[in-house]
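[1] Sequence first, then the predicted structure, then my questions.
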Amino acid sequence: MRASRLLSILMHLQKGQVTAEQLAVELEVSVRTIYRDMDHLSFAGVPVYADRGRTGGFQLLDGWRMPPTGLTGIETEALLLSGLPDQVRQLGLQAALLRGQNKLFDALPEAQRALIGKISAHVHVDPVSWFGIAEPASKLHEIANAVWNSRRIHCSYESWRGCVTRTINPLGLVVKGGTWYLAGLTDGDERIYRVSKFRKVDLLKDNFIRPSGFNLADFWQQAVRRYETNIYQATARLQLTRNGLKRIGELSASVAQAAEESCHGPDSNDCFIVSIPIESILQACFDLLRLGSDCQVLDPPELVEHIREEIDCLSRIYKN
């Protein structure tokens, strides 16, 4: 993350003078982080200096430019995804990534090459959660090609209603927890598609124009919020032990936030009362049983009854 931020700072500096406050807003970090980044750039041999005063800011020594790396376009694209090695492989960019990394490595000062080698030997990034595997995405190459070239696609897609056909303007790709998603425009509506659900993909000859001002990161965040809002259909009231209050975050970030905002207690038994959103009675039963004796469901009555029946069933199974 820091490497990509340092590169962004260098790009800004090559355009001219910029303040720490401006960089902090642009890169969504604190001003203190920007000052530390400037120290790292100086240590790496970049001639950056600060002008003091109200109109001052950081700038590069006149005439200095980043050293040429000889990177090709596809190598640059691969480097932008270098924090996601499995996803780079799925996109077919692994060889380009290795070539680009070697070229960039050779262009760095000796001191920074040694530092990067040390970091690589001691830090590994695994973007997939525990016990998780990256979903197969057999149509990813065709979809990525359509995204890069703004080509419309005609496809067969396995939705919850069965296999449907769609004509999509593919706007961008998102990978979350090892799973690929396509942000697309269908009949004027922006939608999210799971890449593993595509059964057939045909690239059409006609191109499309990406909507003006479209931002993939903003679109994804809005889609996630809509999904979390729509998926929760009811509310459950729980009594949690102190340990249960700590563990409630195992269910989801949204549940943890709701529990924190509604928390009352502790009572005389050192327990807390919280309210959380739930998808359905069945799903909530399975989720809350994970907390064991650290959680007692108080409402709704249907959920209490469902959990009681599940516990009775388990008791009969393990009685002997």
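    Cool, the structure landed. Numbering: from 1, shown residues only.
[2] How about residue 220: what's its closest non-neighbour residue?
    In space, residue 220 comes closest to residue 174 once its chain neighbours are excluded; the distance is 5.2 Å by C-beta to C-beta, 6 or more residues apart in numbering. Just so you know, the C-beta spots here come from the backbone N, C-alpha and C atoms, and that holds for glycine as well.
[3] for the record, mean pLDDT for the strand or helix carrying residue 277?
    If you go by DSSP states H and E, residue 277 is part of strand 272-278. Mean pLDDT, computed over strand 272-278, is 92.
[4] Return the set of buried residues in the next helix or strand after it.
    Per DSSP H and E, the first helix or strand lying C-terminal to strand 272-278 is helix 281-289. Across helix 281-289, burial judged by 16 or more other C-beta atoms under 10 Å covers 281, 284-285, 287-288.
[5] What is helix 281-289 packed up against?
    Secondary-structure packing of helix 281-289 (3 or more C-beta pairs under 8 Å, 6 or more residues apart in numbering; DSSP states H and E): strand 234-240, helix 301-318.
[6] One more pass at 6 Å, please.
    Packing contacts for helix 281-289, counted by 3 or more C-beta pairs under 6 Å, 6 or more residues apart in numbering; DSSP states H and E, involve helix 301-318.
[7] So what's the residue count around the nearest residue to residue 279 once chain neighbours are set aside?
    Take residue 279 and drop its neighbours on the chain: the residue closest to it by C-beta to C-beta, 6+ apart is residue 231, 5.4 Å away. Neighbour count of residue 231, defined by other C-beta atoms under 10 Å: 14.
[8] quick one: residue 231 and residue 184, what's the gap?
    20 Å (C-beta to C-beta, to the nearest Å).
[9] same thing with residue 170?
    Separation of residue 170 from residue 184 (C-beta to C-beta): 5 Å.
[10] out of the two, which sits in the busier spot?
    Taking neighbours as other C-beta under 10 Å, residue 170 and residue 184 compare with residue 170 leading, 27 against 23.
[11] So what pairs up with residue 295 in the strands?
    residue 240 (DSSP bridges).
[12] Now do the contacts for it.
    238, 240, 244, 288 (C-beta atoms under 6 Å, 6 or more residues apart in numbering).
[13] quick one: pLDDT of it?
    pLDDT recorded at residue 295 is 93.
[14] just residue 289 next, same as before
    Per-residue confidence at residue 289 stands at 91 (pLDDT).
[15] how much space between it and residue 234?
    Separation of residue 289 from residue 234 (C-beta to C-beta): 17 Å.
[16] quick one: residue 276 and residue 258 touch, right?
    Yes. Between residue 276 and residue 258 there is a contact under C-beta atoms under 6 Å: 4.9 Å.
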